[in-house]
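# Below: sequence and its predicted model.
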Amino acid sequence: MNRIVYKGLIYDRNGLRKSTVIIEDGIIARIYDGIVDISGEIVLDYSNYNSIVAFPGFIDLHIHLRDFNYAYKETIESGTKAAVHGGITIVGDMPNTSPRIDNQSVLSKRIKLFKEKSYTDFYIYVDVSIESISDIEDMLKNPHVAGIKLYPDKYYVLANESIFHLLKKYDKLLIVHPEEPYLINIFEEELIEQIIKRDYHIEAIAVNHIGLASEIHGLKRVHFTHVTNPYSVLLSKRYGYTVDTCPHYLMFSYERIFNNCKYKVLPPLRTEAHRSLLFNMLLSGNIDAVSSDHAPHGVLEKTCCPMTCPPGINGVEITAIYLGHLYSLGYLGLKDIYELLVFNPSRILNLKHYGNFSKGIRGNISIVNFGCTTCIKPDILYTRAKYSVYDNMCFKSCIEATIVGGVLVYHRLKGTINKPNPVSLNNFS
Ligand SMILES: [Zn+2]
């Protein structure tokens, strides 16, 4: 039997308390109130630290792990090692890979690769294409598939009502990139024009468009991802749907792009006025989750010319320590971190058996140290994309350790240690 013992503070929907958590063979086997003298193969004893808190494993709803033909940018192995370095235990993989995950054959290859290489638990969103529309039902039946990722260039497929029917039939999620496609002018020649014309109104219009279409078809599970615009947040609530945003939209405004392609991302960074409004929406509890939209590229690709360099910011290692930083500064409570990274993502994904320290639940745990500081340099990153918009920034929190399926996969003093046997959504629902 393989046993990990955690002693110290824990936080879940029952609040903060000092406990001893026993994980045996991947599952939380017992929980004791207070500190109990029990041995195990690995004992993580933080009973004397009030700054170290264990949470049920953090979930990143939106990540691009590349691999396949883009393995030079990131692989499932390197990207999930980066994820556990950032305290993430479940990742939602996006389908704009090369080749795209829009048919059964590519989906099968993706699942095989995850089972062999991933350091986190995982699930996959699939893309829809008219050419492979007959595959959609089979893909949605697959227990590893959380739902459909709807990109702006695919909004037109919703004219096919069977998409709504299948999402309802298999109880899957529609996760939407909200930018209204016919308003995006990709032919603008100047960078400033590209950014200003791709403005925040386009996002809110898309939320209204997809929100209305989904409401009319009785779709309950719709999520708008990487929102940048406070009005999009309000609109999605009007429909009863959920939203996430990303650390870069909360921290940076668009002026940064002019000197540095690392800040180029879609949707674009917004004005300082909108950034600060969005930040206040986070503090007031209107945003359901924070995802990374981790989108790694080759270093040379991102050090080139802003007009032609690819969009995307790599941040799977940042999300949790950024929220930890906001806790250390007094902006957020432990409850907010729990809701943004565990409780609400579990609710969005419909995971009924996840997000709590309870007997019989899979042993995924993220341990955060609010008493230490993480300073970002390319050489501390585990991602293959060794550059960062967070370069030289320091965050007042660290990931102390990450446990996935009862396996200690990351420890602050030892790095990534062991590979877990990754599982998927059906183990939690
Ligand atoms: Zn993305």
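Perfect, I can see it now. Residues are numbered from 1 along each chain as shown.
# Can you classify the most centrally placed residue in the chain by secondary structure?
The residue lying closest to the centre of the chain (CA atoms, centre = their mean) is Asp60, at 2.1 Å. Following DSSP: H, G, I helix; E, B strand; the rest coil, Asp60 is assigned to strand.
# List the residues that contact it.
Going by CB atoms under 8 Å, 6 or more residues apart in numbering, Asp60 touches Ala83, Gly86, Ile88, Ile90, Val91, Gly92, Ser291, Ser292, His294, Val316, Thr319. Placement of C-beta: from N, CA and C, glycine included.
# redo that, cut-off 7 Å
Shown in contact with Asp60 (CB atoms under 7 Å, 6 or more residues apart in numbering): Ala83, Ile88, Val91, Gly92, Ser291, Ser292, Val316, Thr319.
# In TSV: those residues, plus neighbour count.
Listed next are the contacts of Asp60 as TSV, based on neighbours: other CB atoms under 10 Å:
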residue	neighbour count
Ala83	33
Ile88	32
Val91	32
Gly92	24
Ser291	27
Ser292	29
Val316	33
Thr319	26
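# Counting neighbours, what do you get for Asn103?
20 (other CB atoms under 10 Å).
# same deal with Pro311?
Residues near Pro311, counting by other CB under 10 Å, number 15.
# where does the residue nearest to it when sequence neighbours are not counted land in three-state SS?
Distances taken as CB to CB, 6 or more residues apart in numbering place Leu266 nearest to Pro311, at 4.4 Å, with adjacent residues excluded. What three-state DSSP gives for Leu266 is coil.
# follow-up on the earlier one: among the contacts of Asp60, which are located in helices?
Judged by DSSP state H, those include Ala83, Thr319 as members of helices.
# re earlier: hey, what's the residue nearest to the centre of the chain bridged with?
Counting by DSSP bridges, Asp60 forms beta bridges with Val91.
# Would you mind stating the distance between it and Pro268?
21 Å (CB to CB, to the nearest Å).
# OK, contacts around the spatially closest residue to Cys309 that is not a sequence neighbour?
Distance criterion CB to CB, 6+ apart; nearest residue to Cys309, sequence neighbours excluded, is Cys261 at 4.0 Å. The neighbourhood of Cys261, defined by CB under 7 Å, 6+ apart, consists of Lys302, Thr303, Cys304, Pro306, Cys309.
# for those, which one is nearest Ile399?
Ranked by distance to Ile399 (CB to CB), the contacts of Cys261 are led by Lys302 at 24.5 Å.
# Kindly confirm whether my reading is correct that the closest one touches Asn260.
No - counting by CB atoms under 7 Å, Lys302 does not reach Asn260; the two are 8.9 Å apart.
# out of these two, which sits in the more crowded spot?
Shown here are Lys302 and Asn260; by other CB under 10 Å, Lys302 has more neighbours (24 against 14).
# residues touching the more buried one, list them.
Contact partners of Lys302, counting by CB under 7 Å, 6+ apart, are Cys261, Lys262, Cys309, Tyr387.
# Who wins on neighbours among the residues you listed?
Neighbour counts for the contacts of Lys302 peak at Lys262, which has 23 neighbours (criterion: other CB under 10 Å).
# how about it, phi and psi?
Dihedral pair for Lys262: phi -60, psi -30, per degrees, to the nearest 10.
# State the distance from it to Thr303.
Lys262 is 8 Å from Thr303, where distance means CB to CB.
# Kindly report the same for Met393.
Distance from Met393 to Thr303, by CB to CB: 19 Å.
# isn't Ser366 right up against Thr89?
Yes - Ser366 lies in contact with Thr89 (CB under 7 Å); the separation is 6.2 Å.
# Run through the helices of the stretch 1-150 of the chain in chain order.
Along the stretch 1-150 of the chain, counting by DSSP state H, counting those that start in this stretch, helices occupy 76-85, 104-117, 136-141.
# again with the stretch 201-350 of the chain
With DSSP H, counting those that start in this stretch as the criterion, the stretch 201-350 of the chain has helices spanning 230-238, 247-251, 272-283, 299-302, 319-328, 334-338, 344-348.
# roughly how far apart are the residue nearest to the centre of the chain and Lys237?
As judged by CB to CB, Asp60 and Lys237 stand 23 Å apart.
# Over to Lys352?
Distance from Lys352 to Lys237, by CB to CB: 24 Å.
# Who has more neighbours out of those two?
Lys237 (14 against 10).
# In space, what's closest to that one - neighbours in sequence excluded?
Spatial nearest neighbour of Lys237, chain neighbours left out: Asn286 (7.1 Å); criterion: CB to CB, 6+ apart.
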